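1. Dropping a prediction and its sequence here:
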Amino acid sequence: MSFNHQEIEKKWQDYWARHKTFKTDTYADKEKVYALDMFPYPSGAGLHVGHPEGYTATDIFSRMKRMQGYEVLHPMGWDAFGLPAEQYALDTGNSPAAFTEENIATFKRQIKELGFSYDWDREINTTDPNYYKWTQWIFTKLYEHGLAYMDEVAVNWCPALGTVLANEEVIDGKSERGGHPVIRKPMKQWMLKITAYADRLLEDLEEVDWPESIKEMQRNWIGRSEGAEITFHVDDHSEQFTAFTTRPDTLFGATYAVFAPEHPLVEKIVTTEQKEKVDAYLKEIETKSDLERTDLAKEKTGVFTGAYAINPVNNEKMPIWIADYVLMGYGSGAIMAVPGHDERDFEFARKFELPIKEVVAGGDLSREAYTDDGEHVNSDFLNGLYTDEAIVKMIEWLEEKGIGTRKVTYRLRDWLFSRQRYWGEPIPIIHWEDGSMSAVPEEELPLELPEMDEIKPSGTGESPLATSDWVHVTDPETGMKGRRETNTMPQWAGSCWYFLRFIDPNNPDKLADPDALKEWLPVDIYIGGAEHAVLHLLYARFWHKFLYDIGAVPTKEPFMKLFNQGMILGEGNEKMSKSKGNVVNPDDIISTHGADTLRLYEMFMGPLDAAVAWSTNGLDGARRFLDRVWRLIVNEDNELSDKIVDTHEASQMDKVYHETVKKVEEDFENLHFNTGISQLMVFINEGYKAETIPKKYIEGFVKLLSPVAPHLSEEMWQILGHNNTISYEKWPEYDESKLIEDEVEIVLQVMGKVRAKMNVPKDITKEELEKQALQHEKIQEFLEGKTVRKVIVVPGKLVNVVAN
RNA sequence: GCGGGUGUGGCGGAAUUGGCAGACGCGCUAGAUUUAGGAUCUAGUGUCUUGCGACGUGGGGGUUCAAGUCCCUCCACCCGCACCA
């Protein structure tokens, strides 16, 4: 007989809700554990089977920690601002708020049906004014500290979405959401000065327990490089420019200079003879999208400006070219080209027949650029030095002459923070008619979004808010008129700090009580998808460091341990997608197999971080295991099976039980759920073979199973004669002595090959073990006619006889 | 191209410090039970071989008494970055 999952799951979900079983006591005396999920964007499509994977992992961890006596904070909320709701509102004329609310209701129902042990009293919604009041408050603090500023920048304007996108939201020249074309357009935008934190964001990665791949991605994204900035004069002009280089030691080999096409100096220095060609080139570049520019980048293009720069180290004239392989957005948008020792410069010099000069010996410059270390030549005072020393000496020389300095450059750009959208947190800034600007005072926050009958693009590139009366303000004291900022914040804003609010979600006076933050921070385990490796995780770290600097949070880093769950693929090993029709809906699985089965299956599929294909057979197998557990413990009359006996006598289950407790605890602690579950299966297999099973072992087993399959475990716990929830029962302990048997099996090898096995007492001496092994009949057989050269004895494991 | 990662049965995957490769699950085979079953229980299941045995962790080489694990080299796939000076 199998259990009725629909009945049991409903029963215990109701019980937990009614008793508020998972309510967290913020100020409990117990030691604290904070287990966090990346909260979802509540899309109209509802929950996907990928969501429960990470959620189940943190839930198992949380449930185990509760049973081990910790006070656990395990919350859930909604990252509910975002483009799809606004797009829906534009398409249908309905309000994004109502649409969002419906989606949240669906998500919440689905998540509750999976039996996660969230403290629902801490539910957070980023679109709730009580929440975004503090998102706005953080913005005003950033503004006060000079970290939020407005700048005219060439932004990624997406005409289809009617908004500006951050660099990270543009993939191959198209919008990350929707795949619409994106063009460059100069606009006045809000920026956050994340670059001010670049070094700390880099350095503090050392302190956190994150996957190396994610740390590496963040390091690459920040892209720190050390070098020098060198000033060059333009020949016959009063103009000068700077170029950044990581190889100042090769300055003697700089034979030409290259500007990015957008470099402001280009129009000033271009000669009349070359103007036509330069203009044509600029025009060609302008009409290319970013996508084309990177695509066509394989073949280098460029044009001579007619002007020359003076190489400060030898006063030689270097022709100045423009080429789009030099990027305006990095360094100063101008480079000194050293074709002998830089592959890109080499390629360019070859194509345009520019001189190539060797200054580091060791390569063959007729074939390729030589970028490795070597002895410097043709370099005056650097001759004979190797790269490291030559760099130091050259920088000293440049600094002495006042024509260059040591310089660190980053790939990381400041964070483009405004969106021309309605459905986001309003940026709490007022632009006054006298041209000044001020932040909305704290006591006036939250600055709520006005309700609008119709949300339509303003047509001017401003957000729909520009069409509302809401924008107009008058200073009650001076009577000065002003206009509210109409840009809103990007979706990343609300998720930058939500984990702080979970700690003290209803605090009206502060973002959260500092004492409570001290108790719970940093987050002990944070699980979510790898797609947030740079954006969300870098932005959240930046805000956290800022809040740390102003004394609002007590830790430098927000997330101590991070883990990325893998993707669940469709049965054909392809990504699940509507168009392929291979999407698995959790609702269907809960209905046919039950939430416990879904949880168990997703954890048993493979390692948590692996991408594994969904398998209906595998899912059936998970259900079969739970049925086996049920049938072993519960009889036809829904009572405890006669096989379970209340005894303290020694049992054949002793060893496997203690092994199971040990392995399950260790594996769950390390998020190795697949192997922990396999051990639970081993225990049940042994249980089927045994005549009787001590009740205490079955109780221990049900506790071990309960984090994975909580509904079924609660039901069995009740059948075992308990009236309370299993959620706070003491986690089982194992007895190390029960793991060791009196006899151990020893592997006997000859020349490294297993030839026989034998059982010996566990405390046998090395000498005795060797003696017995050599006497073993089978071994004797193999040693016939051979001379024993050496015998390797590993106590408790094996004996290897070397003979020939 | 650069950086990171992964390659183990028919499939998903296990294997402290190098020490019995293939735990557990799926699938498959046989038997039991059943009116019947795609239910349940029991046994088997890396490959080759009648057997003894031999071979076997992407390919090749090396270190070692002993290699999935360490070293060298090549290949394939996945992820990230992509002219970052």
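-> Arrived safely, thanks for sending. Numbers count the residues shown, from 1 in each chain, chains lettered A, B, ... in the order given.

2. what's in contact with stretch A:730-737?
-> Here stretch A:730-737 makes contact (CB atoms under 8 Å, 6 or more residues apart in numbering) with A:64, A:67-69, A:657-659, A:661-662, A:665, A:700, A:703-704. To be clear about C-beta, it is placed using only N, CA and C from the backbone, and glycine gets the same treatment.

3. what about 6 Å?
-> Residues from elsewhere that reach stretch A:730-737 (CB atoms under 6 Å, 6 or more residues apart in numbering): A:67, A:68, A:658, A:661, A:662, A:700, A:703.

4. Only alpha carbons, please: show that stretch as CSV.
-> The C-alpha coordinates for stretch A:730-737 follow below in CSV (Å, rounded to 0.1, in the frame of the first residue of the first chain):
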residue,chain,number,x,y,z
LYS,A,730,16.9,16.4,18.5
TRP,A,731,19.0,15.4,15.5
PRO,A,732,20.4,11.8,15.8
GLU,A,733,23.9,11.2,17.0
TYR,A,734,26.2,8.4,16.0
ASP,A,735,28.4,6.2,18.1
GLU,A,736,31.9,6.0,16.5
SER,A,737,32.5,2.6,18.2
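
5. Going by neighbour count, which of the contacts of stretch A:730-737 are buried?
-> A:67, A:658, A:661, A:662, A:700, A:703 (16 or more other CB atoms under 10 Å).

6. Now, these that are in helices?
-> Those of these mapping onto helices are A:67, A:658, A:661, A:662, A:700, A:703, per DSSP state H.

7. check contacts around the last one.
-> In this case it means residue A:703. A:729, A:732.

8. quick one on the thing from earlier: which one of the ones in helices among the buried ones among the contacts of stretch A:730-737 is nearest to residue A:245?
-> residue A:662 (57.8 Å; CB to CB).

9. Pull the contacting residues for that closest one.
-> Contacts of residue A:662 (CB under 6 Å, 6+ apart): residue A:734.

10. any idea of the pLDDT on residue A:274?
-> Reported pLDDT at residue A:274 in the predicted model: 92.

11. if we can go back for a sec, which two of the ones in helices among the buried ones among the contacts of stretch A:730-737 have the greatest separation?
-> So, those by CB to CB: farthest apart are A:67 and A:658, at 17.6 Å.

12. The nearest residue to residue A:563 once chain neighbours are set aside: neighbour count?
-> Among residues not flanking residue A:563 along the chain, residue A:527 sits closest, at 4.9 Å (CB to CB, 6 or more residues apart in numbering). Neighbours of residue A:527 under the rule other CB atoms under 10 Å: 23.

13. I figured residue A:527 was touching residue A:57, is that so?
-> Yes - with contact defined as CB atoms under 6 Å, residue A:527 counts as touching residue A:57 (5.4 Å).

14. Within its sheet, name the partner strands of the one helix or strand the residue nearest to residue A:563 maps to and how each one runs.
-> Using DSSP states H and E, residue A:527 sits within strand A:525-529. Neighbouring strands of strand A:525-529 in its sheet, by DSSP bridges, are strand A:32-37 (parallel), strand A:562-565 (parallel).

15. ok, residues contacting it?
-> Against strand A:525-529 from outside (CB under 6 Å, 6+ apart): A:35, A:36, A:38, A:54, A:57, A:58, A:559, A:561, A:562, A:563.

16. rerun that using 7 Å as the cut-off
-> With CB atoms under 7 Å, 6 or more residues apart in numbering as the test, strand A:525-529 has contacts from A:35-38, A:54, A:57-58, A:61, A:559, A:561-565.

17. Would it count as contacting RNA strand B?
-> No - residues of strand A:525-529 contacting RNA strand B under CB under 7 Å from any atom of the strand: none, with a closest distance of 10.9 Å.

18. following that strand, which helix or strand shows up next?
-> As assigned by DSSP H and E, the chain's next helix or strand after strand A:525-529 is helix A:535-549.

19. does any bit of that following helix sit next to RNA strand B?
-> No - judged by CB under 7 Å from any atom of the strand, helix A:535-549 stays clear of RNA strand B, getting no closer than 9.1 Å.

20. Any buried residues in that helix, and which?
-> Buried, per 16+ other CB under 10 Å, within helix A:535-549: A:535-548.

21. quick one: it to strand A:525-529, angle?
-> 150 degrees (axes from the mean of the first three to the mean of the last three CA atoms, to 10 degrees).

22. could you dump helix A:535-549 to PDB, C-alpha only?
-> The C-alpha trace of helix A:535-549 is given here as PDB (Å, rounded to 0.1, in the frame of the first residue of the first chain):
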ATOM      1  CA  LEU A 535      25.600  41.400 -11.700                       C
ATOM      2  CA  HIS A 536      23.500  40.800  -8.600                       C
ATOM      3  CA  LEU A 537      26.400  39.600  -6.500                       C
ATOM      4  CA  LEU A 538      28.700  42.400  -7.400                       C
ATOM      5  CA  TYR A 539      26.100  45.100  -6.900                       C
ATOM      6  CA  ALA A 540      24.900  43.700  -3.600                       C
ATOM      7  CA  ARG A 541      28.500  43.500  -2.400                       C
ATOM      8  CA  PHE A 542      29.000  47.100  -3.400                       C
ATOM      9  CA  TRP A 543      26.000  48.300  -1.500                       C
ATOM     10  CA  HIS A 544      26.900  46.200   1.500                       C
ATOM     11  CA  LYS A 545      30.400  47.700   1.600                       C
ATOM     12  CA  PHE A 546      28.900  51.200   1.400                       C
ATOM     13  CA  LEU A 547      26.400  50.500   4.200                       C
ATOM     14  CA  TYR A 548      29.300  49.100   6.200                       C
ATOM     15  CA  ASP A 549      31.200  52.300   5.700                       C
END
